[in-house]
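J.: My questions concern the predicted model and sequence given below.
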Amino acid sequence: METAFFRFMNREENPQKVQSTALTSVTLTTLVFFIVAWFLREHIAHYLNYEVAFIQYAIAILALDALVVIPFAWFRNAGKPVAYAAIKIGNVLVNLFLNLFFFLVLPKMALGEPMASYFDFENKVHYIFIANLVASLLTFLVLLPLYVKIKFAFYPRLWRAMFAYAFPVLIAGIAFSINEGFDRVFLRKLLPSETADATIGIYAACYKLGMFMTLFVTAYKLGVEPFFFNKSRDKSAPQTYATITYYFTIFGAFVLLFITVYTDLFKRILVPDPAYWEALWIVPVILLANLCLGIYHSLSVWYKITDRTSYGAYISIFGAIVTLVGNYALIPILSYKGAALATLLAYGTMMLLSYFIGQYKYPIPYPMKKIGLFLGVSIGASVLAFYVFDRNLWVGSFFVVGYLLLVFSLEGKQLIRLANSRD
């Protein structure tokens, strides 16, 4: 519903109707989900083989997080990134503070006190869920005044149009979850049982080094999506989309090269245990996969502003099929390397499909030769620095400097002009 919110806010003559209908729809469906899931919580716990308490935590957290989707979308659409970021960061800080309190402070406070009997210090997983629940609740309370500002109202005809637009996006989201999570499932199923857990551990640990690209892509997506919709009626919109995608690719390619070259520095922060470094091979692959995903998000503007979101579902489903087939074929041969390559194949395929179909349905003048140049240089330098020169910092730093010189030689004047235009 979030993507539909942005689309219809910039298409309908009365944005208030869109806000109210979206808020009412999400609130009602969340209440239905909460009631049904709470009623079935014991059955769900039995099926998943988890404690009922964990299912209760999860239901409450999911409900609270769903209730803040439209208020957060309102901030993004209104061009209020500071308020949006402040609340998001506040959520993270509360979660972090409570985890530190529960794990480090509370056990010492309760030591030898009668109150110690009220706390289960053996099963500390509960406290992780409680911290998340409290953070989600506080976020909801902070955003609650927007419920009064937006107001509840429901317009059936508008809702049907929004639902028709949003449903394929929902399907795409489900397919995306397959791309994100099924690599671990296949590793557990396809590798020998005596090595599967250890392999998943080293794979997941080194996978974390891809978070830098993930954060970059996520920040870009959060900022650019409402902007794309706001510009959709402009005659110059295709050129604007092309320019934004071009510069995103330039900076994304730099992130790929930079993290790849300095992996040995970042691993000491995110993966301090040398026992997990065996899987560092996957780092450039995962970084490139996430860059392809980011470019895909940028290219996907064509089906969002032309109300052809079904194509987004088709592309994502095809990507999920590539993920499943790729993992099934490659993991028995290459182990965790196969899982990483399957992810790259899936996101790379989605990126290419979106580009070629989009150029047919809604042509956008992307500067493909320049995009190909920067991607090619970054990928080539990353491969050489990581796999050929074995992460030699001097060689890698030479490549980083060379890439920056290439950027400034071709785009330096334009980048300076863009920076000055913001002052």
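T.: Thanks, I have it.

J.: So what are the structural domains in the protein, by residue number?
T.: Per the record, the chain has its domains at 1-154, 161-423, by automatic domain parsing.

J.: Which of those domains comes out lowest on mean pLDDT?
T.: Of all those, domain 1-154 carries the lowest average pLDDT, namely a mean of 83.

J.: First-to-last residue distance for that domain?
T.: Length of domain 1-154, first residue to last, Cα to Cα, to the nearest Å: 14 Å.

J.: The chain should start at 6 in everything you say after this.
T.: Sure, I'll start counting at 6 from here, so that last one is domain 6-159.

J.: so where does the residue nearest the centre of the chain fall, helix or strand?
T.: Closest residue to the average C-alpha location of the chain: residue 223 at 5.2 Å, with Cα atoms, centre = their mean. Here residue 223 is covered by helix 216-235, with elements defined by DSSP states H and E.

J.: That helix: what's the following helix or strand?
T.: helix 242-266.

J.: how much does that following helix deviate in direction from helix 216-235?
T.: 170 degrees (axes from the mean of the first three to the mean of the last three Cα atoms, to 10 degrees).

J.: in stretch 67-75, what counts as buried?
T.: By neighbour count with 16 or more other Cβ atoms under 10 Å, stretch 67-75 contains the buried residues 68-75. Glycine gets a C-beta too; all of them are placed from N, C-alpha and C.

J.: Now tell me what touches that stretch from outside.
T.: Residues outside stretch 67-75 that contact it (Cβ atoms under 8 Å, 6 or more residues apart in numbering) are 6-7, 10, 24, 27-28, 31-32, 34-35, 38-39, 42, 138, 141-142, 144-145, 148, 155.

J.: ditto for stretch 218-230
T.: Counting by Cβ under 8 Å, 6+ apart, 8, 11, 81, 86, 89, 249, 253, 256-257, 260-261, 264, 291-292, 295-296, 298-299, 302-303 sit against stretch 218-230.

J.: Can you tell me which of those are classed as buried?
T.: 8, 11, 81, 89, 249, 253, 257, 260-261, 264, 291-292, 295-296, 298-299, 302-303.

J.: quick one: residue 211 and residue 289 touch, right?
T.: No. With contact defined as Cβ atoms under 8 Å, residue 211 does not count as touching residue 289 (10.9 Å).

J.: burial count for residue 165?
T.: Residues contacting residue 165 under the criterion other Cβ atoms under 10 Å number 10.

J.: ugh, wrong one, I meant residue 197
T.: 7.

J.: Over to residue 205?
T.: 20.

J.: can you tell me how far it sits from residue 328?
T.: 16 Å (Cβ to Cβ, to the nearest Å).

J.: Name the single longest helix found in the chain.
T.: helix 161-195 (DSSP state H).

J.: by contact count, what packs against it?
T.: Other elements packing on helix 161-195 under the criterion 3 or more Cβ pairs under 8 Å, 6 or more residues apart in numbering; DSSP states H and E are helix 7-14, helix 20-44, helix 198-212, helix 314-339, helix 341-366.

J.: Compile these into JSON lines and extend it with columns for distance to residue 385.
T.: Formatted as JSON lines, the helices and strands packed on helix 161-195 follow (distance: least, Cβ to Cβ, whole Å):
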{"stretch": "helix 7-14", "distance to residue 385": "35"}
{"stretch": "helix 20-44", "distance to residue 385": "45"}
{"stretch": "helix 198-212", "distance to residue 385": "22"}
{"stretch": "helix 314-339", "distance to residue 385": "22"}
{"stretch": "helix 341-366", "distance to residue 385": "16"}
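
J.: Of those, which is nearest residue 188?
T.: For residue 188, the closest of the helices and strands packed on helix 161-195 is helix 341-366, at 4.0 Å, according to Cβ to Cβ.

J.: Could you pull out the buried residues of that closest one?
T.: Result for helix 341-366 [16+ other Cβ under 10 Å]: buried residues 341-356, 358-360, 362-363.

J.: before we move on, what about stretch 226-246?
T.: 229-234, 236-237, 242-243, 245-246.

J.: and if you look at stretch 193-206?
T.: 195-196, 201, 204-205.

J.: so residue 283 touches residue 206, yeah?
T.: No. Between residue 283 and residue 206 there is no contact under Cβ under 8 Å: 10.3 Å.

J.: Return the member of the buried residues of stretch 226-246 nearest to residue 55.
T.: residue 230 (34.4 Å).

J.: if we can go back for a sec, tell me the most buried of the domains of the chain?
T.: When the domains of the chain are scored by mean count of other Cβ atoms under 10 Å, the highest mean neighbour count falls to domain 166-428 (a mean of 18).

J.: Off-centre distance for it?
T.: Counting by Cα atoms, centre = their mean, to the nearest Å, domain 166-428 is centred 11 Å from the centre of its parent chain.
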